[in-house]
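>>> Starting from these lines, generate the structure:
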Amino acid sequence: MRVLVTGGAGFIGSHLVHRLLASGQHDVVNLDALRYSGNLDNLADLTGHARYTFVHADICDATTVRSILRDHRVEAVINCAAETHVDRSILDPGSFAKTDVVGTGVLLEESRQAGVHRFLQVSTDEVYGSVEIGHSKEEDSLAPRSPYSASKAGGDLLVLSYWTTYHFPVLVTRGSNTYGPNQYPEKFIPLFVTNAIDDQPLPLYGDGRYRRDWLAVDDHCAGIEHVLNHGQPGAIYNVGGGNEKENLTVAELILHYLGKPKSLIRFVTDRPGHDRRYAIDCSRLRGLGWQPKVSFEEGIRTTVEWYRTHEAWWKKIKSGEFRTYYDEMYGRRLQEGRACGS
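Next comes the predicted model:
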């Protein structure tokens, strides 16, 4: 197929672009606004690739989206474009609503008008809210508790309405916490890995007992591609790794692989509305023939090694706009924090 991937210069998007091209079955157009986490370094190896095109644009720009869909005769759209970080959504909720809801709406309508054959919305398990017991299923009610998860829930509902109202062939995937190479270092695992490499404190929220299901980026992208090819229009598919871990356990494992002391962990004031646990039931997607292949131990070891051997990639990022954000988010928290074991 001729596939438009939005947000393809970001973390999951760039891995997905590589996967689709590697299959040899797709031409890929990558539309990305290149905001702070969009990084063309993630795609440097694709320069001159015969089946790949990059367009610097915003999904909120209906005119440009319309032209891309027409000029490239796009058959499928995978929407990875999103503002994605909970902490940033607390600081700037308006930008999340614009991209994740308004932008999704623009992309949807232009795709419908262009006669796109399949539209896949890449979403998150965070739309289900905090899950104290059990596992969230696709039919469960949504209970988002941050501006980020609320904006993603809004985008999901808009996408699904196009199936009910127009019978437009949409699909939604909801992935669990994804990690791997090239992830922008504001997120939990790359932040802790890069801080530890530099012998800087690891700011762990609250008591560190928050639980997440961790999913390797290669497994996540395989799930997205599988749903694109085999999913039933109008359906939602949870994509999880089956690796539920406490944040404190993950932090300690990172330090273990880097040979760094646990004293680098700093317990800091929690963020507002912090969800205690995410967990999803992925039996629907497993029934479609997909299952994760990367164990957490293998995945985290590979990820740590990637950041250890690619310091030029992340040091450039952490010296720019990131520094202002980091100081605003963690500066006072770290001053008032408590070291692990104290």
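>>> what's the pLDDT at residue 224?
You'll see residue 224 listed with a pLDDT of 98.
>>> Repeat that for residue 341.
With respect to pLDDT, residue 341 scores 68.
>>> hey, which helix is longest across this structure?
Longest helix in the chain, counting residues (DSSP state H): helix 147-166.
>>> From the contact counts, what lies against that helix?
Here helix 147-166 touches helix 86-91, helix 93-97, helix 104-114, strand 118-124, strand 170-175, going by 3 or more C-beta pairs under 8 Å, 6 or more residues apart in numbering; DSSP states H and E. In this view, the C-beta of every residue, glycine as well, is placed from N, C-alpha and C.
>>> ok, 10 Å please
helix 86-91, helix 93-97, helix 104-114, strand 118-124, strand 170-175, strand 236-239 (3 or more C-beta pairs under 10 Å, 6 or more residues apart in numbering; DSSP states H and E).
>>> Show me the one of the ones you listed that comes nearest residue 184.
Residue 184 sits nearest to helix 86-91 of all these, at 10.5 Å, using C-beta to C-beta.
>>> buried ones in that closest one?
Along helix 86-91, these residues count as buried under the neighbour rule (16 or more other C-beta atoms under 10 Å): 86-90.
>>> Just give the number of residues close to residue 261.
Per other C-beta atoms under 10 Å, the neighbour tally for residue 261 reads 13.
>>> who's in contact with it?
Counting by C-beta atoms under 10 Å, 6 or more residues apart in numbering, residue 261 makes contact with 196, 199, 255, 339-341.
>>> Now the buried residues of helix 86-91 in JSON lines, please, with extra columns for pLDDT.
JSON lines is the format used below for the buried residues of helix 86-91 (pLDDT from 0 to 100):
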{"residue": "86", "pLDDT": "84"}
{"residue": "87", "pLDDT": "83"}
{"residue": "88", "pLDDT": "85"}
{"residue": "89", "pLDDT": "83"}
{"residue": "90", "pLDDT": "86"}
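>>> quick one: which of these is nearest to residue 180?
Looking across the buried residues of helix 86-91 and measuring by C-beta to C-beta, the closest to residue 180 is residue 86, at 18.9 Å.
>>> The closest one is in contact with residue 270, isn't it?
No: the pair residue 86 / residue 270 is not scored as a contact, 11.9 Å apart, by C-beta atoms under 10 Å.
>>> Is residue 274 located within a helix, as I assumed?
No: note on residue 274: no helix contains this position according to DSSP: H, G, I helix; E, B strand; the rest coil, which reports coil.
>>> Who are the contact partners of it?
Contact analysis of residue 274 by C-beta under 10 Å, 6+ apart lists 86, 130, 145-146, 205-206, 210.
>>> Tabulate these in JSON lines, adding columns for secondary structure and distance to residue 321.
Below are the contacts of residue 274 laid out as JSON lines (DSSP: H, G, I helix; E, B strand; the rest coil; distance: C-beta to C-beta, whole Å):
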{"residue": "86", "secondary structure": "helix", "distance to residue 321": "18"}
{"residue": "130", "secondary structure": "coil", "distance to residue 321": "30"}
{"residue": "145", "secondary structure": "coil", "distance to residue 321": "27"}
{"residue": "146", "secondary structure": "coil", "distance to residue 321": "21"}
{"residue": "205", "secondary structure": "strand", "distance to residue 321": "22"}
{"residue": "206", "secondary structure": "coil", "distance to residue 321": "27"}
{"residue": "210", "secondary structure": "coil", "distance to residue 321": "27"}
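>>> ChimeraX command to pick out the buried ones of those?
The ChimeraX command for the buried members of those (criterion: 16+ other C-beta under 10 Å) is given here:
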select :86,130,145,146,205,210
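>>> and which of the contacts of residue 274 is nearest to residue 228?
residue 86 (26.8 Å).
>>> Contact partners for the closest one?
Neighbour list for residue 86: 96, 126, 145-149, 187, 271-275 [criterion: C-beta under 10 Å, 6+ apart].
>>> Make JSON lines from those residues and add distance to residue 311 to it.
As requested, the contacts of residue 86 are arranged in JSON lines below (distance: C-beta to C-beta, whole Å):
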{"residue": "96", "distance to residue 311": "30"}
{"residue": "126", "distance to residue 311": "30"}
{"residue": "145", "distance to residue 311": "35"}
{"residue": "146", "distance to residue 311": "31"}
{"residue": "147", "distance to residue 311": "32"}
{"residue": "148", "distance to residue 311": "29"}
{"residue": "149", "distance to residue 311": "32"}
{"residue": "187", "distance to residue 311": "17"}
{"residue": "271", "distance to residue 311": "28"}
{"residue": "272", "distance to residue 311": "33"}
{"residue": "273", "distance to residue 311": "34"}
{"residue": "274", "distance to residue 311": "30"}
{"residue": "275", "distance to residue 311": "32"}
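>>> Take those residues and write them to a markdown table, including pLDDT and distance to residue 327.
Formatted as a markdown table, those follow (pLDDT from 0 to 100; distance: C-beta to C-beta, whole Å):
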| residue | pLDDT | distance to residue 327 |
| --- | --- | --- |
| 96 | 87 | 21 |
| 126 | 95 | 26 |
| 145 | 91 | 26 |
| 146 | 91 | 21 |
| 147 | 90 | 21 |
| 148 | 92 | 21 |
| 149 | 94 | 25 |
| 187 | 95 | 17 |
| 271 | 89 | 16 |
| 272 | 89 | 19 |
| 273 | 86 | 22 |
| 274 | 91 | 21 |
| 275 | 91 | 25 |
